[in-house]
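>>> Fold the following, please.
(one chain, ligands or ions: 1)
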Amino acid sequence: MVEPFSRSFKGLIIWCILLYMIQCSLATSNTTGRHFHKWEVAYMYWSPDGVENVVMGINGQFPGPTIRARAGDIVHVQLTNKLHTEGVVIHWHGIRQKGTPWADGTASISQCVINPGETFDYRFTVDRAGTYFYHGHYGMQRSAGLYGALIVDVAEGEKEPFHYDGEFDLLLSDWWHQSVHHQEVGLSSKPMRWIGEPQALLVNGRGQYGCSMVAAHYGNSSLSQCNITGNEQWAPYILHVDPNKTYRIRIASTTALASLNLAIGVSLLLWQQNFDSPSHLHELGLAPLALCLLHHGKENLRFETVMLLFCHIIS
Ligand SMILES: [Cu+2]
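Modelled structure (predicted):
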């Protein structure tokens, strides 16, 4: 009597294992279009512009990690607040949150803040292709560096209306050496006390303070040439490109208080074209300098961002 029972029991277990395996393989094929991210938000030491400060980072990164998905995909971010003394939320800028208003990440509007030590699951569909970003939406946490890119590609099987060979994602932001508390108290004081111009403008979290990337090119520059090896947290973001290729530049301004104009100067590039032989142009591997200069009114406040850029030259 014992043997047939144990045989049928064994058979049942094998069936269960088989069913479990089938279910697992089905589940795996269904995960296409789902993006799971586990994030921890915390303050950390960082030098966004060459001066050490504290920034809000995600998983030890500043700016936060880029989310990349396709239109129609589901994004799931499991966020844990490791800030110790303040709540946090993340807003997904530009995402419509159809059917998921509770995932919009606006403190005291669509959700209560995530308290220190708590975890919250943001789950939503990215329904339209485009360039988006996310940022802290509690107090002035965006100004403290809580942001990152959210890129949505066209849906599987669909095509972009234009062709390009490569892509650069640029997050532009303003950076102050004084804390966000300082900024906030000034803004809410009566009369209001303006924090002043930012100490640096950052491209993908990188800027330079107190030195110039192009001082050597200008005899009258009051700033010294930046001494950068390339490994610094504040080393300029370099766009590595190849000649005769077309690049898409996605730009998102995550500034807290400043309004920016972005210009990609190609004058030096054209200068190279005029003075060098075409063959030499192709040898320029790392490409000539293209300047993106962001000037403010006051003489002693000059913000410079230098990008190595080789645009597509139409001959
Ligand atoms: Cu926003």
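
>>> Give me the distance between stretch 119-128 and the centre of its chain.
Here stretch 119-128 is found 17 Å from its chain centre; the criterion is CA atoms, centre = their mean, to the nearest Å.

>>> what pLDDT, on average, does it get?
Along stretch 119-128, the predicted confidence averages to a pLDDT of 96.

>>> residue contacts, residue 127?
71, 72, 96, 98 (CB atoms under 8 Å, 6 or more residues apart in numbering). In this view, the C-beta of every residue, glycine as well, is placed from N, C-alpha and C.

>>> Spatially, what comes nearest to the second one if we skip its sequence neighbours?
It refers to residue 72. Taking CB to CB, 6 or more residues apart in numbering, and ignoring the residues beside it in sequence, residue 72 has residue 155 as its nearest neighbour in space, at 5.0 Å.

>>> related to what we said a few turns ago, list buried members of the contacts of residue 127 by neighbour count.
The neighbour count (16 or more other CB atoms under 10 Å) marks 71, 72 as buried among the contacts of residue 127.

>>> can you pull up the bridge partners for residue 92?
In this structure, residue 92 has the following beta-bridge partners (DSSP bridges): residue 134.

>>> To what extent is residue 157 buried, counted in neighbours?
Other residues within reach of residue 157, judged by other CB atoms under 10 Å, total 6.

>>> Which of the three states applies to residue 202?
In terms of secondary structure, residue 202 is strand; the call rests on DSSP: H, G, I helix; E, B strand; the rest coil.

>>> you'd agree it is up against residue 50?
No: under the criterion of CB atoms under 8 Å, residue 202 is not in contact with residue 50, lying 11.3 Å apart.

>>> sorry, back to before: how near is the residue nearest to residue 72 to residue 70?
With distances defined as CB to CB, to the nearest Å, the gap from residue 155 to residue 70 amounts to 6 Å.

>>> just for this structure, where's the confidence low?
For the chain, applying pLDDT under 70 flags the ranges 1-9, 11-32, 216-220, 263-315.

>>> the strands in the stretch 51-200 of the chain, which residues?
Taking DSSP state E, counting those that start in this stretch as the criterion, the stretch 51-200 of the chain carries its strands at 53-58, 67-70, 73-81, 90-93, 119-126, 130-136, 147-153, 166-175, 200-203.

>>> got the ones you listed as JSON lines, with distance to residue 215 columns?
Shown next, in JSON lines, are the strands of the stretch 51-200 of the chain (distance: least, CB to CB, whole Å):
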{"stretch": "strand 53-58", "distance to residue 215": "23"}
{"stretch": "strand 67-70", "distance to residue 215": "37"}
{"stretch": "strand 73-81", "distance to residue 215": "42"}
{"stretch": "strand 90-93", "distance to residue 215": "36"}
{"stretch": "strand 119-126", "distance to residue 215": "43"}
{"stretch": "strand 130-136", "distance to residue 215": "32"}
{"stretch": "strand 147-153", "distance to residue 215": "30"}
{"stretch": "strand 166-175", "distance to residue 215": "20"}
{"stretch": "strand 200-203", "distance to residue 215": "16"}
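
>>> Make JSON lines from the ones you listed and add distance to residue 182 and mean neighbour count to it.
JSON lines is the format used below for those (distance: least, CB to CB, whole Å; neighbours: other CB atoms under 10 Å):
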{"stretch": "strand 53-58", "distance to residue 182": "12", "mean neighbour count": "20"}
{"stretch": "strand 67-70", "distance to residue 182": "31", "mean neighbour count": "18"}
{"stretch": "strand 73-81", "distance to residue 182": "23", "mean neighbour count": "19"}
{"stretch": "strand 90-93", "distance to residue 182": "23", "mean neighbour count": "23"}
{"stretch": "strand 119-126", "distance to residue 182": "28", "mean neighbour count": "18"}
{"stretch": "strand 130-136", "distance to residue 182": "17", "mean neighbour count": "22"}
{"stretch": "strand 147-153", "distance to residue 182": "19", "mean neighbour count": "22"}
{"stretch": "strand 166-175", "distance to residue 182": "13", "mean neighbour count": "20"}
{"stretch": "strand 200-203", "distance to residue 182": "16", "mean neighbour count": "24"}
